[in-house]
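Undergrad: Coordinates only, no sequence provided:
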């Protein structure tokens, strides 16, 4: 039975009706047409559907849409802003840290939440934090290097906290 | 544009763009989530399709009753194989080689028999995915369940249950008298095998068993189809070849290819697994039946159980060698799982198994064996990894027996230009020895091995790469930028490697080229993205079209200066009059005056090249084995590969790193696990264990550049070679660490622990070794 | 006359011979000529008027995609190898 | 996934009423990392999902001032290991909380959910056993306490009866010279479910040389998690040395009676039960000695 859902996505309030059995991933993609969040496995094992829920990195396929009632949701579409790409997005491109790109939104969200929590991670910190994001094209090498490089660039950049 | 002009490859020479590392053109959409993949497509008034799949691995279909499903809420159509249109043609062209139409159809919608658990039987179109899925449960199917046959040895045995009662073994045109699960027997033979073994001082004979594995692309299959009232069919799907989608769908539905427009969406990984079609013809039939667009996507378990994993195999290798390490004879028998229908890549495994070596007397037998598992498809150098696991492990044993360094032994027997392979072809210029030397001189190979239960392994691999057909169109814009329209779906950054080749020809910047992958109505015929061919073959089309543009631009300059065309010469992007050096104009300026010199400028090129450059790779891996748990941890990995010429070094490194990690997964983590009913028990990313960031070190690469004479820039295919060496490299490293030879894949912790306990005689009784 | 290397599985038709020669300027003509020398070999190589499925002709070490219509010069060597595909 | 209704009560009594709705199958939801997969893939019958994450009793997480700590049943693992004060006292729990799935899973999965799922793999439960955790259960008629080692009865079945909810976990204060550790064996380094798991805790003598008392919990080697009481009884007072750890491993192996499945063979799990007992006891002792 369709139920009313009011939540905030990338800073914008959204209201809609959805079925309780629809996951947050289903609602983002099918109801709100925010298709940047991807489905890879639909059972919490690949990270392609990563979003931020009240500041926590989660698999949106494992969250019922109604659980986002009154909460803050951030998706890949909210990472860049009018001034341009987030450093992570820029470095991922410069370092060829993606090939097919289906896992990239998930990795960007995951890496961003890491850097906000630990601005100066070691390689092992990065590998532990990103273990929940699967990639089949890159072998992870350039992704890990891109996150380490982004951390350096963020710490060097004097201007204020990048849009998060 | 970062990166030096010559890149860091070993012998960067005189190119402006080739070898640099420009940012890829299609990157921003991918890092912002704007790129549209098949499942992201939104068509108005679109139905959703779901497939009913067989719960049995082997059964006869006695009856199918779709009436209750058809009457379910929101359901608009239900189809089975009975809905296929009549056709007499038996063989159709896949755009990548011929295929048996009857098999192709039966694999998409079962016809009389189900041959693997997950085999599609019927498909439903409904107003939403939940309703479609619920309706599939209302389809009543009556089965006569049969005994499944799951292992190659059982399938080949006398009296084994037969998947196809009418299938006889084909030995190059001769049919066996009795029906069999062995669809094909192939044999290569050069020299005199008996003479070769007679000359040997020692003969090594080993047997290997490798498990079925999956390509593991993160994006599940998807397809949307719209069959218009005018009979024109449009298909949007995630595919490695839009023209192949068109060819297969046209063949299966018996409609002209020209009535289909296939639109390749961004593809979320394929590695060969998205060459066959699984959903496109079904969505098309549902769309025809309902008059509406129909969108279909697969769940992850459907991708594992019902698409095209690569074959498990049983491989026997027998090698004769002299005391000094010179190999005198090599004999191999490869039996590959074809799955439910014939057509495993055993022939490719046969060509690759001894490919790195110059051996006078070689015999290779190959068997294409049907088992009650999904029909196997290509997976990155299909067939070569299984074969290399066998040959490169025995080569390592021989090196130790001859007390030679493993790389020394390989150099002693290495194939070079002119060496004749088992299939009879002689090599053109190749760079295998160079990859061995690159590894031998690398710091990793010289670094001391400290710590107990640690080991280092080496292995080599080969893949011949493909040419096939490609077409491109190049148009010059008034602002001096250039549109490159091509049909090769871009999995690994080929838009950029093609744009760079065009920029190099025209003397402009890579950023001034706009590469676009377009649908089958918008570019000339182009074969699949596969066989590591795009940068090579579509690259050749780009070069040809680029030269035509350059010639036309020279004619335009001549017109501008009212001189004869032959008076104009071009250097990089500057056109100059030979007779009057004051007359010179840049590409950009000249583009601005296109209107006055004849109007729009657009050139087309179609190629079907020969001169394909095969590729070799040699990998080094250090591992540590936990003696108490059997867990193998990869500590360090270095991969050297002859890439001919690295156009964009970052993406060449990316192909090598990605291929190596898929090989590592294949070696120690991944494998289909079937119970005795033929049901896959690990059809999800939890228990089908693909390596994560935490399982791996950085993957160091060495780009060896021995140019391929068949390409102006020396390009060789790079995508498939890197998956070939890892399994054997890890097997050899594990032996170096614990002194035990493992000959079954995956070499997971269970198997390593069992081998360790058996070695210590501590294996609990009742546990067969 | 072009040289032809007989695939291992067809040497039973050529009395064990691996290297033979035949007359013709295309792969088809060569096979027709071969069939006169070694009856029955044509049907092992050709099916429904085309090279048998999964087979390709290689002329002077270059795999051809033109099948039976591939031109062959006097000094060439022709072989039949499995058609390959990529992944 | 079949249709169901969703409720997110903000007080315990309303939640209990909803869970006891007549002729409706109601399922409690905390992190959802088990429930949602089962609803989607096993067709688990469910008419109502009752989201418990708005209930203060289940999201509480605080020290009881020297008398131990209370962790709400729905508190996600990441919140647990991010609490530095808690982490310093309960190392075994931190091992468990930071091993389950990836970061995304740890931001949702809860110990309460893990317990109620009662999977034989029992990823975190051996650590809870090692720390002598008790489960606070509530129903309309009142509350009761269950030792964590008794909470799971058989695969998928707990002691909870109709209309009962697991509200929180009580952790006793850790005595002096206390050490604990948890390890599980997984084929990869992350994202897997335990093939075998062991949690150990020790209280050492003044000089740190002998073990005054110890508890070992095993996971994934029997239909339910096990407290190996015989280890506590037999090895009390023994030296802190590898012989003692080897004995403990021997006893642990004797209690393991696992099945074979996709994730591991039975003999392998028996062997690993011994190895992990040995390793976690050793680490527990090292941690206890470090705190002397």
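TA: Received, thanks. Everything numeric in this text was worked out from a predicted model, so none of it was measured. Numbers count the residues shown, from 1 in each chain, chains lettered A, B, ... in the order given.
Undergrad: Let's see the pLDDT reported for residue A:163.
TA: Predicted confidence (pLDDT) for residue A:163: 48.
Undergrad: cool, and residue B:403?
TA: So residue B:403 comes in at 97 (pLDDT).
Undergrad: Please, which helix or strand holds the spatially most central residue of chain A?
TA: Nearest to the geometric centre of chain A sits residue A:109, at 2.5 Å (CA atoms, centre = their mean). In this assignment (DSSP states H and E), residue A:109 forms part of helix A:104-117.
Undergrad: what does the helix or strand that that helix is followed by rub up against?
TA: Moving toward the C-terminus from helix A:104-117, the next helix or strand (DSSP H and E) is helix A:123-129. For helix A:123-129, the external contacting residues (CB atoms under 8 Å, 6 or more residues apart in numbering or on different chains) are A:110-111, A:114, A:118, A:121, A:140, A:144, A:147-148, B:693-694, B:696, B:698, D:103, D:190. Backbone N, C-alpha and C define where each C-beta goes, glycine included.
Undergrad: And the strands in chain C?
TA: C:3-5, C:19-21, C:46-47, C:50-51, C:55-59, C:62-63, C:77-82 (DSSP state E).
Undergrad: show me the contacts for the residue of the stretch 51-200 of chain D found nearest chain B.
TA: Ranked by CB to the nearest CB, the top residue of the stretch 51-200 of chain D for proximity to chain B is residue D:189, at 4.0 Å. Taking CB under 8 Å, 6+ apart, we find residue D:189 in contact with A:131, B:633, B:692, B:694-695.
Undergrad: ok, and of those residues, which contact chain D?
TA: A:131, B:633, B:692, B:694-695 (CB under 8 Å from any CB of the partner chain).
Undergrad: Surely residue A:93 and residue B:28 touch.
TA: Yes: shown here, residue A:93 and residue B:28 form a contact pair, counting by CB atoms under 8 Å, at 7.2 Å.
Undergrad: max-length helix in the chain?
TA: Just going to use chain A. If you go by DSSP state H, chain A has its longest helix at helix A:141-156.
Undergrad: Actually, chain D is the one I wanted.
TA: Max-length helix for chain D by DSSP H is helix D:266-290.
Undergrad: can you pull up the bridge partners for residue B:75?
TA: Legend: beta-bridge partners of residue B:75 under DSSP bridges are residue B:126.
Undergrad: Need the pLDDT of the residue nearest to the centre of chain A.
TA: Residue A:109 carries a pLDDT value of 98.
Undergrad: quick one, what contacts it?
TA: By CB under 8 Å, 6+ apart, the residues touching residue A:109 are A:50-52, A:57, A:74-76, A:79.
Undergrad: quick one: low-confidence parts of chain B?
TA: B:1-13, B:95-96, B:769 (pLDDT under 70).
Undergrad: so where do the helices sit in the stretch 51-200 of chain D?
TA: D:56-59, D:77-81, D:84-89, D:91-97, D:103-106, D:111-117, D:125-130, D:148-151 (DSSP state H, counting those that start in this stretch).
Undergrad: Chain C too?
TA: Using DSSP H, the helices of chain C run over C:27-37, C:41-45.
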